[in-house]
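1. Would you be able to build a 3D model of this:
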Amino acid sequence: MIHLTAVKRKTTVVATEPITTGSVGIPVDVDLSSDFDGLKCIVCFRTEYAKGEFIYGTDDAVVPPQCLSVAGTTLEAGVYGALEDGTVVIPTVWASCGTVREGASPSGVNPSEPAPSWVAQVQEMAETAMEKSKGVAGRVSALENTPLALNMVVDTVGIPAYVSDPTAYAAYGIAESGWYVFARISAPKGVAATAATAVEGAAGSIVTVGADHVDVAVRFEVAAQSCPVTVTWAAGNAETFVFRAEDLATRNLDYRTTFYVYDISPYVTWEYGEATGKYARNVTYFELVGGEYVALDPTSYDLNVDIPEGVYKHSKVIFEGMVRNVTYQLPEIVDCPLEFKLPDVPEDGYGAWYEVQLRYASTYSMTLTPESEDVKAATDATQSQTGGVNIIDLHYADVAGAKLWRMVNTHSNYANAPKVESVAFRTPPTKVAYAAGEQLDMTGAVIVATYEDGTHAVISLDATDLTLSPANGATLAAGTTEVTATFSDHTATTPITVE
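-> Predicted coordinates:
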């Protein structure tokens, strides 16, 4: 038996046995962490020459025999969690199970039959459960020079078309420019489109009454993550086609023409520490509730004010286990130092790179940490990243036997801060009554700016972009009735008397 554990994005081989060519039925047991709850768990095996997988929990939890056909190869195991539509959300790193040894065989030939992939198993289940899936093969064809595979799950395997002028595709109802997959879905035999035929899930569609097909347009950025398109031909006759991308490592090799943008959140670990200093914009603050870090509503506190005890923020963010040759995007704002744990790369000719789109709250350090002792990071692996929107290119190179991860470049665009909506005196100055000739004293006054995102900031009385009229410390004339504060073209007043 081969015993595995899968915790987050790491697979560990707990126990194994001698592995020989020609073996059939080597059992596999997997202990899964709670990260895989609710997901379809697929166990994968690979060697230099073959790979196979199965859905964990079925009766055939065994090493795929096609992976045991060549002696001298290394058998590796991995696990990934997938949604029902096949979208991979938690892929682990590969772990070595040992070397496949030559097994005794009278004929010298491995007689075992290859095990079906988990996708094939899922499709077989779907065909058994849903009669409507029968006869679908051959009914999805490509438009705009975008070849598509066939069947209920539609794999986009070609270059999609870029729509720069949406008005040229008005028939589809496309509203935005971008990369699209265009496909024609044929109706079931004997069925034609009617005025009641509806298409849901696509970015646009063309339904021609009386035609034996519908034409659809799917945003490729969505299709790459899995996009179900449902065609309802008539009442009670609906079919769903799932558009998705596959085999990213072998097809998405040119970072200059990237069509895949994936959420990197599943590969992220946030670390926390107690917050000190003053509240700042674009930084997420937390409180501990029942042992969990719960984010504070940014409109519940004032910026530029001292942070009390018991408030936490991110101290570090670690990226680990990403699929190579993919563009990622992190939806959360990065408000702490970063660390990328970068793997060794198989010598399969595809190389490796990651493009990561991030938004920094301020200036933070970024560190590259190779996970293998055989791989090094560039001498400038720790660098400072400026605030704003950043695109980081991380590339792997093997030059003259020197395996190296390096940051090729960073493209930065400073993000615009939200605009001020209003300014107000939350608290008037302590002294409000004066005699003529006295100097204005604004001690105790609290001026607050409210921004368009709902946040509030206390404006320091000596802020360079705050103007007070009369100025703080100015000699007051009799009859002066108010002090006006001007900040970012907004004003507020507070009453005073001067006699």
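2. Does residue 465 touch residue 488 like I think?
-> Yes. With contact defined as C-beta atoms under 8 Å, residue 465 counts as touching residue 488 (6.9 Å). Just so you know, the C-beta spots here come from the backbone N, C-alpha and C atoms, and that holds for glycine as well.
3. So the two - more neighbours on which side?
-> The residue with the greater number of neighbours, taking residue 465 and residue 488 and applying other C-beta atoms under 10 Å, is residue 488; the counts read 15 against 8.
4. Look up which residues are beta-bridged to the nearest residue to that one once chain neighbours are set aside.
-> What sits nearest to residue 488 in space, not counting adjacent residues and going by C-beta to C-beta, 6 or more residues apart in numbering, is residue 420, at 4.0 Å. In this entry, residue 420 is beta-bridged to residue 451, by DSSP bridges.
5. got a list of what residue 420 touches?
-> Contacts of residue 420 were listed using C-beta atoms under 8 Å, 6 or more residues apart in numbering, and they are 449-452, 487-490.
6. do the same with residue 314
-> With contacts taken as C-beta under 8 Å, 6+ apart, residue 314 has the following neighbours: 270-273, 284, 335-336.
7. Geometric centre of this structure: which residue is closest?
-> The residue lying closest to the centre of the chain (C-alpha atoms, centre = their mean) is residue 263, at 0.9 Å.
8. In terms of pLDDT, where does it sit?
-> On the pLDDT scale, residue 263 is placed at 77.
9. cool, residue 184 as well?
-> With respect to pLDDT, residue 184 has a value of 80.
10. What about it, how many residues nearby?
-> When neighbours are defined as other C-beta under 10 Å, residue 184 has 17 of them.
11. right, and it touches residue 215 too?
-> Yes. Taking contact to mean C-beta under 8 Å, the distance of 5.2 Å between residue 184 and residue 215 places them in contact.
12. gap between residue 27 and residue 4?
-> For residue 27, the distance to residue 4 equals 11 Å [C-beta to C-beta, to the nearest Å].
13. Out of these two, name the residue with the larger neighbour count.
-> More neighbours surround residue 4 than the other of residue 27 and residue 4, with 23 against 12 (other C-beta under 10 Å).
14. For the closest residue to that one other than its chain neighbours, list the residues it contacts.
-> Here the nearest residue to residue 4 in space, its sequence neighbours aside, is residue 30; by C-beta to C-beta, 6+ apart that works out to 4.7 Å. The neighbours of residue 30, taking C-beta under 8 Å, 6+ apart as the test, are 3-6, 41, 43, 56, 61, 79.
15. how about those in a markdown table, adding secondary structure, pLDDT and distance to residue 346?
-> Conversion of the contacts of residue 30 to a markdown table gives the following (DSSP: H, G, I helix; E, B strand; the rest coil; pLDDT from 0 to 100; distance: C-beta to C-beta, whole Å):
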| residue | secondary structure | pLDDT | distance to residue 346 |
| --- | --- | --- | --- |
| 3 | strand | 91 | 24 |
| 4 | strand | 91 | 20 |
| 5 | strand | 91 | 23 |
| 6 | strand | 90 | 20 |
| 41 | strand | 90 | 23 |
| 43 | strand | 92 | 19 |
| 56 | strand | 87 | 24 |
| 61 | coil | 88 | 25 |
| 79 | strand | 91 | 18 |
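16. and which of these is nearest to residue 278?
-> The nearest member of those to residue 278, counting by C-beta to C-beta, is residue 6 at 42.4 Å.
17. is the closest residue to that closest one other than its chain neighbours in a bridge, and if so with what?
-> Spatial nearest neighbour of residue 6, chain neighbours left out: residue 79 (4.0 Å); criterion: C-beta to C-beta, 6+ apart. When bridges are assigned using DSSP bridges, the partners listed for residue 79 are residue 43.
18. do the same with residue 492
-> With DSSP bridges as the criterion, the beta-bridge partners of residue 492 are residue 485.
19. Return the helix or strand in this protein with minimum mean pLDDT.
-> helix 248-251 (a mean of 36; mean pLDDT, DSSP states H and E).
20. Secondary structure class of residue 76, three-state.
-> Secondary structure of residue 76, reduced to three states by DSSP: H, G, I helix; E, B strand; the rest coil: strand.
21. Please name the residues that touch the nearest residue to residue 342 once chain neighbours are set aside.
-> Residue nearest to residue 342 in three dimensions, not counting chain neighbours: residue 405, with 4.5 Å by C-beta to C-beta, 6+ apart. Contacts for residue 405 (C-beta under 8 Å, 6+ apart) come out as 342, 368, 370, 375-378, 381, 394-396.
22. Also residue 47?
-> Residues in contact with residue 47 (C-beta under 8 Å, 6+ apart) are 67, 70, 73-76, 100.
23. count of neighbours near the nearest residue to it once chain neighbours are set aside?
-> Setting aside the residues directly before and after it, residue 47 is nearest to residue 73 in space (C-beta to C-beta, 6+ apart), at 3.9 Å. Residues near residue 73, counting by other C-beta under 10 Å, number 19.
24. Residue 73 against residue 101, yeah?
-> No. With the criterion set as C-beta under 8 Å, residue 73 and residue 101 do not qualify as a contacting pair; they are 10.0 Å apart.
25. Quick check, pLDDT for residue 154.
-> For residue 154, the model assigns a pLDDT of 44.
26. try residue 121
-> At residue 121 the predicted local distance difference test score is 49.
27. before we move on, what about residue 9?
-> What the model reports for residue 9 is a pLDDT of 81.
28. just to revisit the earlier point, could I have the buried ones of the contacts of residue 405 as PyMOL selection syntax?
-> Per 16 or more other C-beta atoms under 10 Å, the buried members of the contacts of residue 405 correspond to this PyMOL selection:
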select buried, resi 342+368+370+375+377+381+394+395+396
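29. What about the contacts of residue 405, which are in strands?
-> Judged by DSSP state E, the subset of those located in strands is 342, 368, 370, 375-377, 394-396.
30. how about residue 482, what does it touch?
-> Neighbouring residues of residue 482 by C-beta under 8 Å, 6+ apart: 493-496.
31. The closest residue to residue 369 other than its chain neighbours and residue 11, how far apart?
-> Of all residues not flanking residue 369 in the chain, residue 341 sits nearest, at 5.1 Å (C-beta to C-beta, 6+ apart). In this structure, residue 341 lies at 15 Å from residue 11, with C-beta to C-beta as the measure.
32. okay, these two: which has more neighbours?
-> Neighbours per residue, other C-beta under 10 Å: of residue 341 and residue 11, the larger number sits with residue 11, 23 against 18.
33. Helix or strand next in line after the strand or helix carrying that one, which one?
-> The secondary structure element spanning residue 11 is strand 10-15 (assigned by DSSP states H and E). Moving toward the C-terminus from strand 10-15, the first helix or strand encountered (DSSP H and E) is strand 28-32.
34. Now that next one - C-alpha only, PDB.
-> Written as PDB, here are the backbone C-alpha positions of strand 28-32 (Å, rounded to 0.1, in the frame of the first residue of the first chain):
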ATOM      1  CA  VAL A  28      -3.600   3.800  -2.200                       C
ATOM      2  CA  ASP A  29      -4.800   5.400   1.000                       C
ATOM      3  CA  VAL A  30      -5.000   9.200   1.500                       C
ATOM      4  CA  ASP A  31      -5.500  11.200   4.600                       C
ATOM      5  CA  LEU A  32      -7.000  14.600   3.600                       C
END
